[in-house]
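> This is a predicted model, with the sequence first.
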Amino acid sequence: MNVEHEIKLLIEEIQRLGTKGADGNMSVKFGVLFQDERCANLFEALVGTLKAAKRRNILTYKGELLLQGVHDDVEIVLLQN
């Protein structure tokens, strides 16, 4: 799969699993995204797709690298729909 397609799928999954914040942006915790069965089947490299989307200013989160367990409570915020 190409990166653009994976980012599009990631946006759809964040919208499916996330909640809308006071600022109107959708957000989801990394642990929720990582542990979701559908996401596990869709994304071979979820962390890589997240990094690519962050570089393109499509979403944001604190830190550079997200690791399961350690960063489960990190909020991933969708900047674009």
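Yep, that arrived.
> Can you give me the separation between Val70 and Gly63?
Computed with C-beta to C-beta, to the nearest Å, the distance linking Val70 and Gly63 is 10 Å. Placement of C-beta: from N, CA and C, glycine included.
> now Val77
Per C-beta to C-beta, Val77 is found 13 Å from Gly63.
> now swap in Thr19 and tell me
Counting by C-beta to C-beta, the gap from Thr19 to Gly63 is 21 Å.
> what does Gly21 give?
When distance is defined by C-beta to C-beta, Gly21 is 19 Å away from Gly63.
> To which secondary structure element type does the residue of the chain positioned farthest from its centre belong?
Within the chain, the residue lying farthest from the chain centre (C-alpha atoms, centre = their mean) is Ala22, at 18.7 Å. Of the three states, Ala22 takes coil according to DSSP: H, G, I helix; E, B strand; the rest coil.
> Do you know the pLDDT at it?
Here the pLDDT value assigned to Ala22 is 90.
> now Asn81
For Asn81, the model assigns a pLDDT of 65.
> swap in Glu64?
89.
> What count of nearby residues applies to it?
Counted with other C-beta atoms under 10 Å, the neighbours of Glu64 add up to 7.
> just checking, what packs against the helix or strand where Gly48 lies?
Per DSSP states H and E: Gly48 is located in helix 46-55. Packing partners of helix 46-55 (3 or more C-beta pairs under 8 Å, 6 or more residues apart in numbering; DSSP states H and E): helix 3-17, strand 59-60.
> Can you tell me which of those is packed in deepest?
Mean neighbour count (mean count of other C-beta atoms under 10 Å) peaks for strand 59-60 among the helices and strands packed on helix 46-55, with a mean of 18.
> quick check, distance from that one to the centre of its chain.
Distance of strand 59-60 from its chain centroid, counting by C-alpha atoms, centre = their mean, to the nearest Å, is 8 Å.
> Name the residues of stretch 29-40 that are buried.
By neighbour count on 16 or more other C-beta atoms under 10 Å, the buried set for stretch 29-40 is 29-34, 36, 39.
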